[in-house]
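*Asks:* After the sequence you'll find the predicted model.
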Amino acid sequence: MKRLSSLLFAMLFVLGCSTEQKEQPETEYVTVNLDFSPNYEIQPLVKSSIGDNDYVVLQVDLLTDNDPYAGVQQRLGGFYTNKGDIKFNLVRNGYYLIRAYLMKDMVGKFTSGYGFSPSNVNSLYADCPTGAGTMMINGKRCDYFPVDSYIGGIFFQATDDVTIELNMIHNAYGVTVNLTGDKSGTLYVASCLGGIAGIKDNEYAFYETAPEETTRFMYLGDIFGTIDWLTTGDRITYESASSSVDIHLKYIASDKETYYLPTITIPDVQRGQNIILDIDTDDFLPASGSIDLNVVGSGELEDVHYQN
């Protein structure tokens, strides 16, 4: 696969002024200005700027200590649709963990649920569902939904005025099925990172696909608590990130019979990789056979005497 270019977010930090009070000193803040107007490349290699149908999903955590795994004092989130600068305040000298998703062509598809309302956009607020498992798309969980996305993150201390370019990396993996045999039926695929129970039992997690067609799924690398999306700053964690991926395939034959393959688990999948499977439709069909019963012996019982 060709290397995807980085998506850069320019963040301008401007120190806010405050008047000191002897009895109750005011908290000083840092104003953050994010400019979302870059270009990037996706497969096929076509340059595109952030469009009117794209969401930028932010999560801003104020931490308790100089450690990205430290406790969270305050968490704010927001969905942004405008192309202008995004501004918000941070406490001066506070330690922050910021994560940004770029969700392609998702405006109008996110539905209410888990605290999100399509009318509450372009601002940060508490209890905003910025996790992939809590965002709903057309009534379905985002982590079950084929979506093309990018991700970037940084851990830093908000001290002085600074401009940060936040590198955004492709946050998706692909599943392509090279199907042979009878192709008169319909092929469906569902996928998630390995270890997520129940997805194969949810029919709404399956999506129709075509042979040799690539379906992109969101990469949920931090679902088990590992911060593997730091792309900018002194701590970089995304480069070594990998996870096993579960793939579930369903085939509805021309006679409307439905068949499933056992779960296919692929180890050590990284962001931006496309998994190619070679599957024959005969693999979906159950094995057939017969059992012949041969009676051995005359069928008479042998008398056995026991004495106490």
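*Replies:* Yep, that arrived. Fair warning: this is a prediction, and the values are worked out from it, not measured in the lab.
*Asks:* Can you give me the buried ones in stretch 238-249?
*Replies:* By neighbour count with 16 or more other CB atoms under 10 Å, stretch 238-249 contains the buried residues 238, 241, 243, 245, 246, 247, 248, 249. To be clear about C-beta, it is placed using only N, CA and C from the backbone, and glycine gets the same treatment.
*Asks:* export those to CSV and tack on secondary structure?
*Replies:* As requested, the buried residues of stretch 238-249 are arranged in CSV below (DSSP: H, G, I helix; E, B strand; the rest coil):
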residue, secondary structure
238, coil
241, coil
243, strand
245, strand
246, strand
247, strand
248, strand
249, strand
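*Asks:* between those, which is closest to residue 206?
*Replies:* When the buried residues of stretch 238-249 are compared for distance to residue 206, the smallest value, 7.2 Å, is given by residue 248; criterion: CB to CB.
*Asks:* which residues does that closest one form a beta bridge with?
*Replies:* In this structure, residue 248 bridges to residue 190 when assessed by DSSP bridges.
*Asks:* Flag the shaky bits of the stretch 201-308 of the chain, pLDDT-wise.
*Replies:* Applying pLDDT under 70 to the stretch 201-308 of the chain flags residues 221-225, 286-308.
*Asks:* Okay, helices next: where are they in the chain?
*Replies:* Along the chain, no stretch is classed among the helices by DSSP state H.
*Asks:* how does it divide into domains?
*Replies:* With automatic domain parsing serving as the domain definition, the record reports that the chain contains domains spanning 7-170, 172-284.
*Asks:* What average pLDDT does the longest one get?
*Replies:* It refers to domain 7-170. For domain 7-170, mean pLDDT is 72.
*Asks:* so how many other residues sit close to residue 228?
*Replies:* Using other CB atoms under 10 Å, residue 228 has 19 neighbouring residues.
*Asks:* so it makes contact with residue 236?
*Replies:* No: here residue 228 does not reach residue 236: they are 10.1 Å apart, not a contact under CB atoms under 8 Å.
*Asks:* quick one on the thing from earlier: distance to residue 273 added to the buried residues of stretch 238-249, as TSV?
*Replies:* Supplementary listing: the buried residues of stretch 238-249 in TSV, determined by distance: CB to CB, whole Å:
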residue	distance to residue 273
238	13
241	11
243	11
245	9
246	15
247	13
248	18
249	18
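*Asks:* nearest to residue 188, of those?
*Replies:* Looking at the buried residues of stretch 238-249 and their distance to residue 188, the nearest is residue 249, at 7.1 Å (CB to CB).
*Asks:* And for that closest one, nearest residue in space, chain neighbours not counted?
*Replies:* residue 261 (4.5 Å; CB to CB, 6 or more residues apart in numbering).
*Asks:* My guess is the one you found contacts residue 280. True?
*Replies:* No: counting by CB under 8 Å, residue 261 stays clear of residue 280, with 10.7 Å between them.
*Asks:* Between these two, which is the more surrounded one?
*Replies:* residue 261 (15 against 12).
*Asks:* which ones are touching the more buried one?
*Replies:* Residue 261 makes contact with 248, 249, 250, 251, 279, 283, 284 under the criterion CB atoms under 8 Å, 6 or more residues apart in numbering.
*Asks:* What's the separation between the residue nearest to residue 249 and residue 272?
*Replies:* Shown here: residue 261 relative to residue 272, a distance of 25 Å by CB to CB, to the nearest Å.
*Asks:* ditto for residue 71
*Replies:* From residue 71 over to residue 272 the distance is 32 Å, taken as CB to CB.
*Asks:* who's more crowded, the two?
*Replies:* Looking at residue 71 and residue 272 with other CB under 10 Å, you find the greater number of neighbours at residue 272, namely 18 against 10.
*Asks:* Without its sequence neighbours, what residue ends up closest to the more buried one?
*Replies:* Nearest residue to residue 272 in three dimensions, chain neighbours excluded: residue 170, at 4.4 Å (CB to CB, 6+ apart).
*Asks:* Can you give me the neighbour number for that neighbour?
*Replies:* Other residues within reach of residue 170 by the criterion other CB under 10 Å amount to 25.
*Asks:* Would you confirm that it contacts residue 152?
*Replies:* No: in this structure, residue 170 is not within contact of residue 152 by CB under 8 Å, at 10.7 Å.
*Asks:* Which residue ranges of the stretch 151-300 of the chain form strands?
*Replies:* If you assign secondary structure with DSSP state E, counting those that start in this stretch, the strands in the stretch 151-300 of the chain sit at 162-170, 172-180, 186-193, 207-209, 214-218, 243-252, 258-260, 264-269, 274-280.
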